[in-house]
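Asker: quick one: sequence plus predicted model below, questions after.
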Amino acid sequence: MRFRLLVLLTMLLTLNACTMLQPMADDSAVPAAPSTIGAPGLDDPLFPLEGNGGIDVQHYLLEIDWDDATGAIDAVATLTIEATQDLSAFNLDFYGLEISAITVNSEPANFTRDAAELTITLPTLMAIGDTFEVTVAYSGIPEPIPDSVTSGWTVTDNGAYVLGEPNVAKNWFPSNNHPTDKASYTFPSRRLNPSMWRPMVCPAHQWIMATL
């Protein structure tokens, strides 16, 4: 009986010592800093990866040359963007087409691609509210986007047009491809005289169709 009592007392003392040695919660711990990488999508219920977090595009300047013999485009897109959070990297929606260079405020920027997600690493950290300019030089033949009703950039026997829903802008220019991010657009369109250009500015989702 004494032996059993001694064993039980030893076990209780051991458990009590283990309890006393447990680390105390550190109430002074610094909370983790919020991420400076913009989200790759806006969690749209139908297209969760369309649109991108951390940015608000203010304006698109799209300079596009199209070769009617090959169907290829050679283009430069310049986006004026406001940071909606402290930002070290962000995404744009862009499908297909080959990128030759990206700059941010005229400085070269690193980038990676994963399907229709283009991730750009900023040369310097942008603070919330900062405005910066991103230039993307790209080329190639626009490809149809899976799960879209039409192909976006479409070539016909006598020209080309852009039409389609719901997410086809990204097969001919990099964008924050969601209707919640309204922006203005400028399309310098080549006229019959190659030395003459006529800039056209229109709000997002209101397109000007013209034969020049």
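Answerer: That came through, no problem.
Asker: quick one: the helices in this structure, in order.
Answerer: With DSSP state H, the ranges of helices along the chain come out as 2-20.
Asker: so where is it shaky, pLDDT-wise?
Answerer: Scanning the chain for pLDDT under 70 picks out 1-33, 43, 148-151, 164-166, 189-212.
Asker: hang on, Trp66 packs against Ser139?
Answerer: No. Between Trp66 and Ser139 there is no contact under CB atoms under 8 Å: 10.6 Å. The way it works is simple: take the backbone N, C-alpha and C, and place the C-beta from them, glycine included.
Asker: between those two, which contacts overlap?
Answerer: Common contacts of Trp66 and Ser139 (CB atoms under 8 Å, 6 or more residues apart in numbering): Ala72, Ile73.
Asker: mind listing what Thr36 touches?
Answerer: Gln85, Asp86, Leu87, Ser88, Ala89, Leu125.
Asker: out of the residues you listed, which is most surrounded?
Answerer: Counting neighbours by other CB atoms under 10 Å, Leu87 comes out on top of the contacts of Thr36 with 24 neighbours.
Asker: OK, contacts around the nearest residue to that one once chain neighbours are set aside?
Answerer: The shortest distance from Leu87 to any non-neighbouring residue, by CB to CB, 6 or more residues apart in numbering, is to Met126 (4.4 Å). Contact analysis of Met126 by CB under 8 Å, 6+ apart lists Ala83, Asp86, Leu87, Ser88, Phe132.
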